[in-house]
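Q: Sequence and predicted structure below; questions after.
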Amino acid sequence: MEGSRSETSAADASEEIIYTSVKFSETPRPRAKAAQEKRAPRLWPAVVSGLAVGFGILSISLAIALIWKTSDSHTRCPEQWVAYRGSCYSFSREKKDWHSSQESCRAQGAHLLVISDTSEMDLFKSMQTGCFWIGLRNCTGSVWIWEDGSVLNGTKVLSNSPVQRCAVLMKDHFQASSCEFSASWICEKSLR
């Protein structure tokens with residue numbers, strides 16, 4: 001019997017060890033760890049939505065930058081110049097005669113304003129209220145020619161005298177003037 005007792009004790013001991021090791025693995029987790037795990041599911045949706053919003057903003061920003069870069073080749077107008085449809089425009093604050101105004105534009109790599117279509121004309125009609133030299137002259141006495149060599153078509157230049165050979169842009173029309181008259185001017189150059 002004693003032999004059987006030692007066998008039983010050994011068997012009980014091995015069962016006890018197995019039972020003890022199973023018991024330790026099922027021990028409840030510490031409260032701090034359990035609290036963190038409970039909070040994690042509540043924070044996870046907020047983190048995911050925050051990341052989604054962040055990636056969305058980043059994607060939109062990159063798309064806008066790409067569109068801007070491809071449309072304008074990421075060029076900019078010089079300071080104090082206004083960009084519109086692939087051109088830069090500068091409005092002088094000082095006043096000079098037509099020829100001096102033309103030279104001032106050329107010194108900046110530009111030319112006096114050449115209005116090429118009705119939408120550009122509408123833009124300048126809405127923007128300014130003063131009197132500005134533009135790149136329009138009448139050298140022959142009958143035909144008004146832009147600085148780029150094109151002929152003014154479909155628009156009348158108001159004139160009071162045949163000696164008025166240079167044009168200014170006034171609020172909503174072209175006005176002939178003596179080229180020696182002092183006025184502000186508008187320079188134009190292409191975005192590059």
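A: Thanks, I have the structure now. Numbering: from 1, shown residues only.

Q: quick one: low-confidence parts of the chain?
A: Filtered on pLDDT under 70, the chain yields the residue ranges 1-74, 128-129, 192.

Q: the strands in it, which residues?
A: Assigned by DSSP state E, the strands in the chain fall at 82-84, 87-91, 111-112, 132-137, 145-146, 157-158, 166-170, 173-177, 184-190.

Q: In CSV: these, plus mean neighbour count.
A: In short, each C-beta sits where N, CA and C put it, glycine included. Formatted as CSV, the strands of the chain follow (neighbours: other Cβ atoms under 10 Å):
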stretch, mean neighbour count
strand 82-84, 14
strand 87-91, 19
strand 111-112, 22
strand 132-137, 24
strand 145-146, 17
strand 157-158, 14
strand 166-170, 24
strand 173-177, 19
strand 184-190, 21
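
Q: Which one of these lies nearest to residue 119?
A: strand 82-84 (9.6 Å; Cβ to Cβ).

Q: which residues touch the closest one?
A: 72, 76-77, 88-91, 120, 123, 191 (Cβ atoms under 8 Å, 6 or more residues apart in numbering).

Q: Just flag the most distant two among the residues you listed.
A: Taking Cβ to Cβ, no two of these sit farther apart than 72 and 91, at 20.9 Å.

Q: tell me the domain boundaries of this protein?
A: 2-72, 82-190 (automatic domain parsing).

Q: returning to what we had before: of the strands of the chain, which approaches residue 104 most closely?
A: Nearest to residue 104, of all the strands of the chain, is strand 184-190, at 7.0 Å by Cβ to Cβ.

Q: Mind checking the strands of the chain for the one nearest to residue 98?
A: Residue 98 sits nearest to strand 166-170 of all the strands of the chain, at 4.0 Å, using Cβ to Cβ.

Q: Need the CA coordinates for that closest one. CSV is fine.
A: C-alpha atoms of strand 166-170 as CSV (Å, rounded to 0.1, in the frame of the first residue of the first chain):
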residue,chain,number,x,y,z
CYS,A,166,-1.7,107.1,-78.7
ALA,A,167,-4.5,105.5,-76.8
VAL,A,168,-5.4,105.3,-73.1
LEU,A,169,-7.8,102.9,-71.5
MET,A,170,-10.4,104.8,-69.6
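
Q: What pairs with it, parallel or antiparallel?
A: strand 132-137 (antiparallel), strand 173-177 (antiparallel) (DSSP bridges).

Q: Dump these to JSON lines, plus distance to residue 97.
A: Supplementary listing: the strands paired with strand 166-170 in JSON lines, determined by distance: least, Cβ to Cβ, whole Å:
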{"stretch": "strand 132-137", "distance to residue 97": "8"}
{"stretch": "strand 173-177", "distance to residue 97": "10"}
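
Q: Which among those is found nearest to residue 158?
A: strand 173-177 (5.1 Å).
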